[in-house]
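Asker: give the three-dimensional model of this entry:
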Amino acid sequence: MTSPNPSAPEPVLASLDPDQLANLESAPRQNRLALLAQLRRRPESEVLRSLAAETGLEVREDFELPDDASEILPLRIMHEYQCLPFLEDGDRDDLIQLVTVWPPSSEMDEWVYAVSGRQPVWYLGPPNRISDTITQRYGVGADSLIESDIATEDSGRLEEVEEDENAALIRFVNEVIAKAVDDRATDIHFEPLKDSLQIRYRIDGELVPIRVPDNLIRFQGAIISRLKIMAKLNISEKRRPQDGRIVYKGKGTELDIRISTMPTMYGESVSLRLLNQKNQPLSMEELGMLKGDQNRIKRVLDLPYGIILVTGPTGSGKSTSLTAFIRQINSPARRIITVEDPVEYEVEGVNQTQVHSEIGFTFASALRHILRQDPDVIMVGEVRDSETADIAIRAALTGHLVLSTLHTNDAPGALTRLIDMEIEPFLIASAVEMILAQRLVRRLCSKCAQPGDYSQHYLRECLHALDLEPTPERLGATILDPVGCEACRGLGYRGRVGIFEILRVDDSIHELIVQKRSAREIRHEALKYGMTTLQMSGWEQLALGRTSLNEIMRYSRADEEEE
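Answerer: Residues are numbered from 1 along each chain as shown. Take a look at the predicted model:
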């Protein structure tokens, strides 16, 4: 039972050749509209309307699920056919209204009628909206574990039950990882609690709980064992932490997943770090770096020797920034060698290696070997100890450009940290050319951000807390607030942007280093000569409409706590 669309856009299926049509029909239902849009080189929303007109179906973008949706239509059918029953005014008892991602087949009609006892009335809807609704209502991979329950109840043979459960668990774990990739998560945490197994993604630096099946606690041990098997870990060892690696391929994505297990009160906690091998390293502009900052950094990158340090806490994007700098200076005329832990981005034309502490191949030992390889530029993933720091300093003084990271709260603190590592102050002053401290703040969703309403008094208080002058430009800036929409999953943010504090080690700073002055004194001197602070950078990003006032203030409060 269908309703014709009054408009008649250009057909999108009729123009495909038989091979294209066959490839389309062989793809998963939820991916077909995206593939068709690629073939037609048109937006998905436009192709959806054309497909609806061609097949005689209406497009339904807004729909409300009944509370008993899974009783009306089994969850397995919803997942397999990517369809949802929805409420409609004046619904008849003999009909069921359904929205789906692709025109239904006669098989779908038969199955829906068989399990619901009602004649289906089909509509087309946006695939992402339908898939997200299923996940939000029933959890990631819920169909896999429900199928396992059915197998346990109905199967008469133990071997069949175990086989069905194993297959269901494999699907469940794969779906959790695939969903994390779709949501741009960097980490997945499986956390055993007293009465449940909690699964959380880290998205744009924030932990986000994901909806999971209610019966997940029953499968906790099997899920953890499955993850350990994938990483080739010892599944019988549950008293000690273990580390491993998983190479995961799915949906055209290849992931290098680092896995860490740790025993807790209620079972083993498992953390996965997702490294997408097909991710392209970002440029300085894509990091959100302002033009003036880019120019200052480029001038130092053009130097033949010296050290550039990037500082900040774990997860602040230090490695991403170093890779952006490497991309900036990469050329056939320069031999660039990096040592990282792990290699997060592949850069064409650059020699990249990874540390292996278990065999003694540390940053320090790798750096010693790299110096015998005739490099022009060396990137060291992190200065972790005095030995690595000493070798890096001496490499910079003997004609190499060295890039590395250091864990300090701000740029001046990196200088005193090197002194604490027992590096001679005159060597630090001679070798270090520039230090960047950085943080990542969430980027406002461009589709839903709206101007906020802030009083001048409140803005003055915020600027005072950020240690910034309340200039007319700052007080008059248009400040956007997060709202939340379908594109950003209701968060109001999508992606992150960097804020940077840049310290150039000039003659005045050189003298303070040699005199072993404090980081506070170095900061005071650097500010007199134009050092850009994190707060200044954050306010500029705010004025450009890239982030919110709450994000900038949140990071300001975090810095105060660190001090």
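Asker: quick one: residue 480 and residue 285, what's the gap?
Answerer: For residue 480, the distance to residue 285 (Cβ to Cβ, to the nearest Å) stands at 21 Å. Heads up, the C-betas are built off the backbone N, CA and C, glycines and all.
Asker: ditto for residue 223
Answerer: 41 Å.
Asker: and the two? which has more neighbours close in?
Answerer: More crowded of residue 223 and residue 285, by other Cβ atoms under 10 Å: residue 223, with 22 against 11.
Asker: I'd say that one and residue 172 touch.
Answerer: Yes - the pair residue 223 and residue 172 qualifies as a contact (Cβ atoms under 8 Å) at a distance of 7.0 Å.
Asker: tell me the pLDDT of the spatially closest residue to residue 390 that is not a sequence neighbour.
Answerer: Leaving aside its chain neighbours, residue 390 sits nearest to residue 423 (6.1 Å; criterion: Cβ to Cβ, 6 or more residues apart in numbering). On pLDDT, residue 423 comes in at 91.
Asker: quick one: low-confidence parts of the stretch 101-250 of the chain?
Answerer: The stretch 101-250 of the chain contains residues with pLDDT under 70 at 141-166, 214-215.
Asker: if we go to 50?
Answerer: 147-161, 164 (pLDDT under 50).
Asker: could you pull out the strands in it for me?
Answerer: Remark: strands assigned in the stretch 101-250 of the chain by DSSP state E, counting those that start in this stretch are 119-124, 185-192, 197-203, 206-209, 242-250.
Asker: wait, which of those strands is closest to residue 401?
Answerer: With Cβ to Cβ, the closest approach to residue 401 among the strands of the stretch 101-250 of the chain belongs to strand 185-192: 29.1 Å.
Asker: what pairs with that closest one, parallel or antiparallel?
Answerer: In the sheet, strand 185-192 lines up against strand 197-203 (antiparallel), strand 267-276 (antiparallel) (DSSP bridges).
Asker: export the last one as PDB, just CAs?
Answerer: The reference is to strand 267-276. Extracted in PDB, the C-alpha atoms of strand 267-276 (Å, rounded to 0.1, in the frame of the first residue of the first chain):
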ATOM      1  CA  GLY A 267      35.800  -8.200  36.600                       C
ATOM      2  CA  GLU A 268      38.300  -7.100  34.000                       C
ATOM      3  CA  SER A 269      38.100  -3.600  32.600                       C
ATOM      4  CA  VAL A 270      39.100  -3.300  29.000                       C
ATOM      5  CA  SER A 271      40.100  -0.200  27.100                       C
ATOM      6  CA  LEU A 272      40.500   0.000  23.400                       C
ATOM      7  CA  ARG A 273      42.400   2.900  21.700                       C
ATOM      8  CA  LEU A 274      41.300   3.200  18.000                       C
ATOM      9  CA  LEU A 275      44.000   4.300  15.500                       C
ATOM     10  CA  ASN A 276      42.600   4.700  12.000                       C
END
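Asker: pull the residues that contact that strand.
Answerer: 177, 180-181, 185-192, 197, 220-221, 224, 227-228, 238, 246, 253-263, 342, 344 (Cβ atoms under 8 Å, 6 or more residues apart in numbering).
Asker: what do you get for the first one?
Answerer: Residues outside strand 197-203 that contact it (Cβ under 8 Å, 6+ apart): 140, 176, 180, 183-192, 207-210, 212, 216-217, 219-220, 223, 267.
Asker: is there a quick PyMOL command that grabs whichever of the residues you listed are buried?
Answerer: To isolate the buried members of the contacts of strand 197-203 in PyMOL, using 16 or more other Cβ atoms under 10 Å:
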select buried, resi 140+176+180+185+186+187+188+189+190+191+192+210+212+216+217+219+220+223+267
